[in-house]
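In: how does the following fold in three dimensions:
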Amino acid sequence: MKHSLCCLNFKNKKKTKSNVDLFTENLNTTRRLGAHVSSETWAVLLEENGKTHVVELVDKQQKIKGLGVLNPAQLLADIKIGQMVVVGQKELLRLPARLPELSNGMKRRAQTIGSKDAGFFVAKLGLGANDRVLEAGIGSGGLSLYIQRVLGPNGVHVTVEPRAEHAEVALENLRRASACWDGGPLHHHFEGHLEDVVPSIQSAVNEFEAVVLDLPDHPSAIQASAPMLSIGGRVACYCPVTAQLERAWEACEAAGLVVEWAGELMQREWGRASKGGMRPVNGPFGHTAFLLVAQRR
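Out: Numbers count the residues shown, from 1 in each chain. Sure thing, here's the model as predicted:
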């Protein structure tokens, strides 16, 4: 497997460089999240039904999915945070680009880790300012947004993704975040399987307080990443099925880690009943995956 620092190979691109191409070039070494310029470069628009649109304020006519053809810069030039704007038959509210808005309006390709599991990982891993976090299997970058939000300007975030088509979407979502949030971490991105890019990772960062793995299978990645954990550092695994959870548990023990927690989180939403009172909202009980957290001691 080819591996290098963010050497994503986007095929069938025109010679004119896209925003993603330009963003990727900036990742050839490292990057730090940019200045807080969301009011100038991005806008968040909320429909009455709760659907969120994250729109780049480009001064040209373009087709935006769900909104139609418009010039975002001209349309929103005089629309301030908290004001309404009419787009076609829709009336939308402009909101600040905070974490829930960027998460709800993110581009998607692979299945994402949502707020329920992301919040659990942030808490169980003890993530905070100045931490160094390794994340392998970033998909569309859902969890990456949560990680980058908490690390602060002295933190380090390393991402690894073997599928270029997924990484392209994730990096676009992180590009949005870099324009909207102030004081984010240094970010390194590597293309390839984690176990194949360990030497490249260690040339940039040799130790981590946390490792997060969202992969089809975890044992080889656990074996490769466990030596990079600092004492007291933790690894978290996101496992869609129980067989993966069991293999992850066994791999953690084989790597000398202590499993602290394994299981699932259930979520049930409540709403107002038509005749008064509150009742559970009809729908699934919120199972997403099985989670595991282990510590190096």
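
In: quick one: the helices in the stretch 1-150 of the chain, in order.
Out: 19-25, 38-41, 72-75, 99-104, 115-125, 142-151 (DSSP state H, counting those that start in this stretch).

In: phi, psi for the closest residue in space to residue 74 that isn't next to it in sequence please.
Out: Setting aside the residues directly before and after it, residue 74 is nearest to residue 59 in space (C-beta to C-beta, 6 or more residues apart in numbering), at 6.8 Å. Quick note: C-beta positions are derived from backbone N, CA and C, even for glycine. With angles defined as degrees, to the nearest 10, residue 59 sits at phi -90, psi 70.

In: equivalent analysis for residue 240, please.
Out: According to degrees, to the nearest 10, residue 240 has phi -60, psi -30.

In: how close does the closest residue in space to it that isn't next to it in sequence sit to residue 100?
Out: Distances taken as C-beta to C-beta, 6+ apart place residue 289 nearest to residue 240, at 5.1 Å, with adjacent residues excluded. For residue 289, the distance to residue 100 equals 21 Å [C-beta to C-beta, to the nearest Å].

In: who's more crowded, those two?
Out: Ranked by neighbour count (other C-beta atoms under 10 Å), residue 289 and residue 100 place residue 289 first, with 17 against 13.

In: now the end-to-end length of stretch 250-261.
Out: By C-alpha to C-alpha, to the nearest Å, the extent of stretch 250-261 from end to end equals 13 Å.

In: check the offset of that stretch from the chain's centre.
Out: 25 Å (C-alpha atoms, centre = their mean, to the nearest Å).

In: so that it lines up with my notes, have the first residue be 19 from now on.
Out: All set: I'll call the first residue 19, so the last point we hit is now stretch 268-279.

In: identify each buried residue in it, please.
Out: 269-270, 273, 275, 277 (16 or more other C-beta atoms under 10 Å).

In: what's the closest of those to residue 262?
Out: Among the buried residues of stretch 268-279, residue 269 lies closest to residue 262 (C-beta to C-beta), at 10.3 Å.

In: secondary structure element for the residue lying closest to residue 275 once chain neighbours are set aside?
Out: Leaving aside its sequence neighbours, residue 275 sits nearest to residue 312 (C-beta to C-beta, 6+ apart; 4.0 Å). In the assignment (DSSP states H and E), residue 312 maps to strand 308-314.

In: name the strands paired with that strand and say parallel or antiparallel.
Out: strand 247-257 (antiparallel), strand 275-282 (antiparallel) (DSSP bridges).

In: could you dump these to JSON lines with distance to residue 104?
Out: Putting these into JSON lines (distance: least, C-beta to C-beta, whole Å) gives the following:
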{"stretch": "strand 247-257", "distance to residue 104": "41"}
{"stretch": "strand 275-282", "distance to residue 104": "43"}
